[in-house]
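>>> Next come a sequence and a model predicted from it.
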Amino acid sequence: MNCCTGTGPRQSWSRVTTAFVACLVIAASGAVRVEGQPIDSASEQSIKAAYLYKFADYVEWPDGVMEDPATFLTIGVVSADSLADELQVMTAGRKVHGRSIAVRRVGPQEPLDGVHILFVAAAGIDELARLTTMAQEHSVLVVTEVGDGLELGSVINFRPVNQRIRFDVSLESADRSRLRLSARLLAVAADVKPRSH
């Protein structure tokens, strides 16, 4: 989907962000309000689910990860059943890069084989160290929602900014998982943590 296009030099960062978020949300569900009243827990889950669905458009996995064109793009979810439910409804019948989408709840000690994007909710943060180690081995895009998520090894971390859900990105974590992130994704991140070298 190409509704989020590049922007001219005079377009403000705020407008770019709003357009990107609107693009993700409208493409995913058409029903989530990003602006206006403070975000309640249900809206927050919907917005995060929309982001997870659309992040795949802006990530390039290394050769060999999805060689079989019949392979589903699988989004794993840790400790967030309501978000997993929302994501299943949102992605039903939809495709990303021509691939159907599967949503999988990932339990404690479960391997990440076949997972391409992994959301670890705050309730599952104790599992994060183990999961990020496995994720790097399998080139999994790890997304979290805790203040120190990037420091703990995630590639993308959600956080609230002015009553909106925004996200930060760690290029170093992306490199460790051999993931290439689109410049358009980085352009609308609230913050991008650079590589240390």
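Sure, I can see it.
>>> residues touching residue 44, list them.
Applying CB atoms under 8 Å, 6 or more residues apart in numbering to residue 44 gives the contacts residue 165. Every residue, glycine included, has its C-beta placed from N, CA and C.
>>> Check residue 182 too.
Contacts of residue 182 by CB under 8 Å, 6+ apart are 57-60.
>>> Looking at the residues you listed, spot the one nearest residue 189.
Distance to residue 189, by CB to CB, is smallest for residue 58 among the contacts of residue 182, at 10.4 Å.
>>> Most neighbours of all the contacts of residue 182, which one?
residue 59 (22 neighbours; other CB atoms under 10 Å).
>>> What segments of the protein are strands?
Counting by DSSP state E, the chain has strands at residues 59-60, 73-78, 95-96, 99-105, 117-120, 141-144, 156-161, 164-170, 180-181, 191-193.
>>> For the last one, which outside residues touch it?
Spelled out, that is strand 191-193. Residues outside strand 191-193 that contact it (CB under 8 Å, 6+ apart) are 150, 168-172, 186.
>>> repeat for the first one
Strand 59-60 is contacted by residues 117, 141, 179-182, 185 when judged by CB under 8 Å, 6+ apart.
>>> now the third one
By CB under 8 Å, 6+ apart, the list of residues contacting strand 95-96 from outside reads 53, 56-57, 73, 101.
>>> Just put those in TSV and tack on distance to residue 90 and pLDDT.
Compiled in TSV, the contacts of strand 95-96 are given as follows (distance: CB to CB, whole Å; pLDDT from 0 to 100):
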residue	distance to residue 90	pLDDT
53	6	94
56	13	93
57	14	93
73	13	96
101	9	96
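>>> Widest-spaced pair of those residues?
Farthest pair in the contacts of strand 95-96 (CB to CB) is 57 and 101. Separation: 11.7 Å.
>>> Low-confidence regions, the chain specifically.
1-42, 197 (pLDDT under 70).
>>> in it, which residue is closest to the centre?
residue 52 (3.7 Å; CA atoms, centre = their mean).
>>> and the strands of the chain as CSV, adding distance to residue 126?
What follows is the strands of the chain, written out as CSV (distance: least, CB to CB, whole Å):
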stretch, distance to residue 126
strand 59-60, 26
strand 73-78, 10
strand 95-96, 30
strand 99-105, 17
strand 117-120, 10
strand 141-144, 12
strand 156-161, 16
strand 164-170, 20
strand 180-181, 27
strand 191-193, 23
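>>> of all those, which lies closest to residue 111?
Of all the strands of the chain, it is strand 73-78 that lies closest to residue 111, at 10.3 Å by CB to CB.
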